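**Student:** The sequence and its predicted three-dimensional model are supplied below.
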Amino acid sequence: MMASNGNITYVHDGVCVYVSGPHKDKEPIFTGRVTISEQPYGGVLEWHANEEVNETGRPLSSPETENLDWEDVASGFSAGYKPHSNQCCESIELKLETTKKPQTINFDVADLKSYKCVQKKKGKGSEVTFFLKDGSTPPTLYFPKNNHMCLINALEKYIQFRRSAKDAHLYLVHEPQKEALEKSFSELQLFREQSSDLVKRFFDDPYTATMGGFSKVTNFLFEYVLTNENSPTKCSNEEVVQMLQESLPSVEINQNEEPGFEVITCMELPPRPEVKREDPVLLDQWEAHLDSEGQVKDIEQLKHKIFKGGLLNSLRKEVWKFLLGYFPFNSTKKEREKLRKKKIDDYYKMKLQWKSITPEQETRFSAFRERKNLIEKDVSRTDRTHPYFMGTENANVQLLYDILMTYCMYNFDLGYVQGMSDLLSPILVVMENEADAFWCFAEFMENVGSNFELDQQGMKTQLQQLYSVIHFADPHLCDYLESHDSGNLYFCFRWLLILFKREFKFHDIMRLWEVLWTGLPCRSFHLLICLAILDAEKNTLMENQFGLPEILKHINDMSYKINPEEVLCRAESIYLQLSQCQHLPQSLQDILGIQAPAPPSPVSSIVSLPPSTASAPIEDIRHSSSVPVPINKTSSTLDRFNASPPSGNSSVENSSIEVLPEDSDIEARYQISFDLMS
């Protein structure tokens, strides 16, 4: 969309845009002009670049930077973006451009959903990020002089904004007519759908939406009243069980037994403690952990230091071998030299195996051909803008290919699956040695290899575990995702598959991985990192009422823009919060390896359904804070919580129904297959 034919009603010079990419330690900045133009269909906001400057203000259009390539992963709102139709979720990647052709941002003002304004520290300007209705997030605009309100005032000619009650930095587009309609539907409580989804359907097809909602009332009356000859004033236990199963299908209720009733409360978690990161481990600190024979001493203390601050880049080549299990921590320097020599011999023997396959043999070896072709395709596009792999005839690209081919000979059963090249690339960059990189990669795959199994059982298990963690730690977010077709957590699939390799910058993923390799502070800490990212974006997702397509686009737009230190702090804080929870379900203790504090003496009670509520409408029963939930005492749902009801003096919120879905229900949702590579 271009606005050159419209009347320009607003101009703002000196507005900057940061260009994010996976291989940029410092993001280059483009300065440009923001305009709003009047079109027949409404206003259009555009940003055009003037020239690129670095952090010191020196222009980057000098001869030594003319060939600088840059890339970003974001949605297709401007020229240069290309959709990939072969992926299950619409992933859109920015084409490589030189600094001579900076991107143009433009979108209809009517497509705005909200914006977020953050003041930079020490009064160094403000940043404004716009969120569009389809979930797209254009690059953030930076106003060095803190004069962003001029733009906001110009936009209010077309739309109105209101500040979010949950996030002081977030401003939502105010649509009085739509919000009034949502409130009316919410007060009527005739529909089980989220009111925002219903309103959308109402505007798309008002007749179907309205009649569909009222038909539920008719069906309820017809089924439970009109078809009953005696027209009883209250339902039997069996009928109550049936209605509750319709509302809560994940709850197993044995109708052959007299159901017990237990109140499941929504516990108030302990406060999250403040967490700070520390400096990376330095050379002298590492050497202090080596004795005279080269053995590592005080291993747990060393791991703790790495967990809190990571490693100095120059130490990674040596320390990663220990963290990944290539070298045992208790080995001496001489033992490591002997082990490394044997490992190198073993590697080249395996490499010779596939190197010696003749073209004639290959014609009769279909599995080999398929894996070879897949590796060739993936290697040709893995981190090719990184200096280590840049260029048409780069020998390091050949090393990447050789290591992956050799791994197929090392692990016949697993072979090669798309995404493995992403895991190998940072290791090869650090090791700068073919055999060392292979064995570190092989040890890495011992931990994450289940992610790439053909039946995807490893991914299914992790998605189920992540759902359980979110459900307990943030039930409101979990309920929102469920009600917006996102409870399957598809948008986290890539995070888990390649351990955030496509979400963080190249130098940041090194820090994140070495933290994870310490095994601290608990098992499956990567799940808490997922939760930390979602927790930071919670208000944006919920306040904008994003559904699955919008969430996928929003998550995709976050690539290479996530601050790893902030995420690690938040994830550790969540861990400390959960570890202090006395009613942490046994399932979460098993998933995370957290030993919950001993709870107070349990107080359990079984009560019968009050007659006054036996004939109440199903929605009243579900939401009443005083009505217990019928649950079979031996059901796996209660076993998964494995937490006694709180005592009377426990700090709890208003009682509410909290249940986890059965594994079989969630497994059916994860039959997904998509091409990870862009």
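**Tutor:** Now that the structure is in, tell me what you want to look at. Computed from a predicted model, the values in this text were never measured in an experiment.

**Student:** okay, CA-based contacts and neighbour counts for the rest of this
**Tutor:** Fine.

**Student:** show me where pLDDT drops low in the chain?
**Tutor:** Across the chain, the stretches falling below the confidence threshold (pLDDT under 70) are 1-5, 24-27, 51-103, 176-267, 598-678.

**Student:** Check for me that Phe412 belongs to a strand.
**Tutor:** No - judged by DSSP: H, G, I helix; E, B strand; the rest coil, Phe412 forms no part of a strand; its state is coil.

**Student:** From the structure, what's the count of residues near Lys342?
**Tutor:** 11 (other C-alpha atoms under 10 Å).

**Student:** Now name the helix or strand holding it.
**Tutor:** Secondary structure assigned from DSSP states H and E places Lys342 in helix 333-355.

**Student:** One more: Lys321?
**Tutor:** Assignment of secondary structure by DSSP H and E places Lys321 within helix 316-323.

**Student:** What are the contacting residues of that helix?
**Tutor:** 327-329, 430-431, 440, 514, 517-518 (C-alpha atoms under 8 Å, 6 or more residues apart in numbering).

**Student:** again, 6 Å this time
**Tutor:** 327, 329, 430-431, 517 (C-alpha atoms under 6 Å, 6 or more residues apart in numbering).

**Student:** what's the most distant pair in those residues?
**Tutor:** When the contacts of helix 316-323 are compared pair by pair using C-alpha to C-alpha, the two farthest from each other are Phe329 and Val430, 19.5 Å apart.

**Student:** before we move on, back to that, which positions within the helix holding Lys321 qualify as buried?
**Tutor:** By 16 or more other C-alpha atoms under 10 Å, the buried positions in helix 316-323 come out as 316-317, 319-323.

**Student:** One more: stretch 332-342?
**Tutor:** By neighbour count, and taking 16+ other C-alpha under 10 Å as the criterion, the buried residues in stretch 332-342 are 332-333, 336, 340.

**Student:** quick one: the strands in the stretch 201-350 of the chain?
**Tutor:** Counting by DSSP state E, counting those that start in this stretch, the stretch 201-350 of the chain has these strands, from start to end: 260-262.

**Student:** Please report the distance of Trp47 from Thr140.
**Tutor:** Applying C-alpha to C-alpha, to the nearest Å, the value for Trp47 to Thr140 is 11 Å.

**Student:** Neighbour count: the two, which is higher?
**Tutor:** Here Trp47 and Thr140 are set side by side on neighbour count (other C-alpha under 10 Å), and the busier one is Trp47, at 23 against 18.

**Student:** who touches the more buried one in this structure?
**Tutor:** Residues in contact with Trp47 (C-alpha under 6 Å, 6+ apart) are 33-34, 104-105.

**Student:** rerun at 10 Å
**Tutor:** With contact set as C-alpha atoms under 10 Å, 6 or more residues apart in numbering, Trp47 has these partners: 11-13, 15-17, 31-36, 103-107, 141.

**Student:** now swap in Gly449 and tell me
**Tutor:** Residues near Gly449 by C-alpha under 10 Å, 6+ apart: 414, 417, 420, 442-443, 458, 497.

**Student:** Among these, name the ones in helices.
**Tutor:** Secondary structure assignment (DSSP state H) places 420, 442-443, 458, 497 from the contacts of Gly449 within helices.

**Student:** Export those as CSV, with columns for neighbour count and distance to Leu531.
**Tutor:** As requested, those are exported to CSV (neighbours: other C-alpha atoms under 10 Å; distance: C-alpha to C-alpha, whole Å):
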residue, neighbour count, distance to Leu531
Met420, 21, 24
Ala442, 22, 28
Glu443, 17, 26
Gly458, 18, 19
Leu497, 21, 16
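
**Student:** Helix, strand or coil: sort out Glu38 for me.
**Tutor:** Counting by three-state DSSP, the backbone at Glu38 sits in strand.

**Student:** Revised request: answer the last question for Lys145.
**Tutor:** Remark: Lys145 carries the secondary structure label coil [criterion: three-state DSSP].

**Student:** Thought Cys530 was touching Leu466, still the case?
**Tutor:** Yes - contact between Leu466 and Cys530 holds when scored by C-alpha atoms under 10 Å: they sit 7.9 Å apart.

**Student:** Common neighbours of the two, please.
**Tutor:** When contacts are counted by C-alpha under 10 Å, 6+ apart, Leu466 and Cys530 are jointly contacted by 492, 496.

**Student:** if I look at Glu318, how far off is Leu312?
**Tutor:** Summarising the geometry, the distance separating Glu318 from Leu312, computed by C-alpha to C-alpha, is 11 Å.

**Student:** Same check on Gln418?
**Tutor:** According to C-alpha to C-alpha, Gln418 stands 30 Å off from Leu312.

**Student:** Over to Lys116. Which of the three states is it?
**Tutor:** Here Lys116 takes the strand state, with states given by three-state DSSP.

**Student:** Now do the contacts for it.
**Tutor:** Applying C-alpha under 10 Å, 6+ apart, one finds that Lys116 lies in contact with 127-131, 140, 163-164, 167-172, 540.

**Student:** Met420 - nearest residue in space that isn't next to it in sequence?
**Tutor:** Excluding the flanking residues, the one nearest Met420 by C-alpha to C-alpha, 6 or more residues apart in numbering is Ile498, at 7.5 Å.
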